[in-house]
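A.B. asks: sequence first, predicted model second:
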Amino acid sequence: MLDKRLGKRRRVAALLASTALLWGLASTPAVAAGFTSEMSRVATGFSSRWWSENGTESAATRVRYSDCLNVSEIDWRAVFGKVRVHLWRDNGIFPDHNHGRVTSNCNNTWASWGRMTSAGSYKWTVGQVWSTDNGIDYVWKNAHRLTVPALRTEW
């Protein structure tokens with residue numbers, strides 16, 4: 001009888017241990033997919049490459065720009081303060097669907113559109129670019145080009 005109880009206790013302990021292990025694996029946070037890139041002398045309207053999302057990812061779609069520079073046609077350089085970035089989903093033969101815009105502060109912080117729930121191919125485009133000096137925003141026109149030596153896109 002004692003052997004029977006020990007066997008039953010071992011089975012219950014093994015079941016509890018395997019349940020705890022599976023629960024721990026299930027609660028591990030998802031690792032975001034993404035790509036690292038750079039931009040050199042691009043104008044507003046520049047597009048990233050397309051990527052695919054299946055609509056079930058738990059991570060947010062986001063972008064991070066670092067050390068943005070303005071390069072004008074006369075090669076004058078200034079550090080940008082902000083870049084507005086638009087997210088688009090391919091819509092087949094119809095115009096691409098705009099998922100909104102976010103602003104990157106060019107200081108290695110994330111700008112996020114949130115989690116995408118629609119499967120499809122996505123890209124972002126560079127919108128407005130500006131710098132701030134003493135609280136005044138200066139919007140740069142098409143004569144200026146944006147250079148970003150390090151950027152990361154995740155979804």
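C.D. replies: Looks like it arrived, so ask away. Numbering: from 1, shown residues only.

A.B. asks: C-alpha from now on. contacts and neighbour counts both.
C.D. replies: OK.

A.B. asks: how is this protein divided into domains?
C.D. replies: Domain assignment for the chain, taken from automatic domain parsing, gives 1-30, 34-154.

A.B. asks: lowest average confidence across those, which one?
C.D. replies: The weakest mean pLDDT among the domains of the chain belongs to domain 1-30, with a mean of 51.

A.B. asks: in the longest strand seen in the chain, which residues are buried?
C.D. replies: The single longest strand within the chain, with elements called by DSSP state E, is strand 120-133. Residues of strand 120-133 classed as buried by neighbour count (16 or more other C-alpha atoms under 10 Å): 120-131.

A.B. asks: tabulate the residues you listed (JSON lines), appending distance to W110.
C.D. replies: Listed next are the buried residues of strand 120-133 as JSON lines, based on distance: C-alpha to C-alpha, whole Å:
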{"residue": "G120", "distance to W110": "22"}
{"residue": "S121", "distance to W110": "21"}
{"residue": "Y122", "distance to W110": "18"}
{"residue": "K123", "distance to W110": "16"}
{"residue": "W124", "distance to W110": "14"}
{"residue": "T125", "distance to W110": "16"}
{"residue": "V126", "distance to W110": "15"}
{"residue": "G127", "distance to W110": "17"}
{"residue": "Q128", "distance to W110": "17"}
{"residue": "V129", "distance to W110": "17"}
{"residue": "W130", "distance to W110": "18"}
{"residue": "S131", "distance to W110": "18"}
